[in-house]
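Trainee: I would like the atomic coordinates for the input below:
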Amino acid sequence: MITRMYAAYASGDRAAVDAGLDPEATIWDSAAAPLLLGRRDLNRLRDERTVADGGPAESALRAYDPVVDVFGDVAVVRYWLRVDFASGPDGLPMRPELVRNTAVLRGDAGGRWLIVHLHEDVHQQGGLLADDT
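Mentor: Sure, this is the predicted structure:
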């Protein structure tokens, strides 16, 4: 579920990303201070990112080291997300972003799981030249 969501994000498939999110999901997004309340807030943030484009280009996303606990129809998934960036000016390497994530999912009777809450916490800011601190 989590890896499918990031694969959809990387391919620009917003509908496939949304298919894994409850329409009323809350999100602590690393790029926004307020808690996002549902699809409307998420779409507003997405649109702002599109307008404010011009930063380093993401080249890969990888979720790894998951820890999963299931409590009946609720699951909690903790994992790291690594965001790699294309080389910067003059071909210099860019530092990856490392993000700690917690996702809370709710399952339904049909066995489908949806994210009802996602919390992102940037541990290492990325998109800077690899030797910048």
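Trainee: helix, strand or coil for the residue of the chain most remote from its centre?
Mentor: Distance from the centre of the chain peaks at Asp90, with 28.5 Å (C-alpha atoms, centre = their mean). The local conformation at Asp90, judged by DSSP: H, G, I helix; E, B strand; the rest coil, is helix.
Trainee: what about it, distance to Gly55?
Mentor: 17 Å (C-beta to C-beta, to the nearest Å). Heads up, the C-betas are built off the backbone N, CA and C, glycines and all.
Trainee: hmm, who's touching stretch 13-25?
Mentor: 1, 4-5, 8-9, 37-39, 42, 46, 106, 113-118 (C-beta atoms under 8 Å, 6 or more residues apart in numbering).
Trainee: now do the strands in the chain.
Mentor: With strands called from DSSP state E, the chain shows them at 21-28, 36-37, 58-71, 74-85, 97-107, 113-124.
Trainee: just put the ones you listed in JSON lines and tack on distance to Ala15.
Mentor: Output for the strands of the chain, formatted as JSON lines (distance: least, C-beta to C-beta, whole Å):
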{"stretch": "strand 21-28", "distance to Ala15": "11"}
{"stretch": "strand 36-37", "distance to Ala15": "18"}
{"stretch": "strand 58-71", "distance to Ala15": "18"}
{"stretch": "strand 74-85", "distance to Ala15": "21"}
{"stretch": "strand 97-107", "distance to Ala15": "19"}
{"stretch": "strand 113-124", "distance to Ala15": "14"}
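Trainee: stretch 107-127: end-to-end distance?
Mentor: Using C-alpha to C-alpha, to the nearest Å, the end-to-end distance of stretch 107-127 comes out at 35 Å.
Trainee: for that stretch, buried residues please.
Mentor: For stretch 107-127, burial by neighbour count (16 or more other C-beta atoms under 10 Å) applies to 113-120, 126-127.
Trainee: gap between stretch 39-59 and the chain center?
Mentor: 12 Å (C-alpha atoms, centre = their mean, to the nearest Å).
Trainee: average pLDDT for it?
Mentor: Throughout stretch 39-59, pLDDT has a mean value of 81.
Trainee: what does stretch 117-127 give?
Mentor: For stretch 117-127, mean pLDDT rounds to 91.
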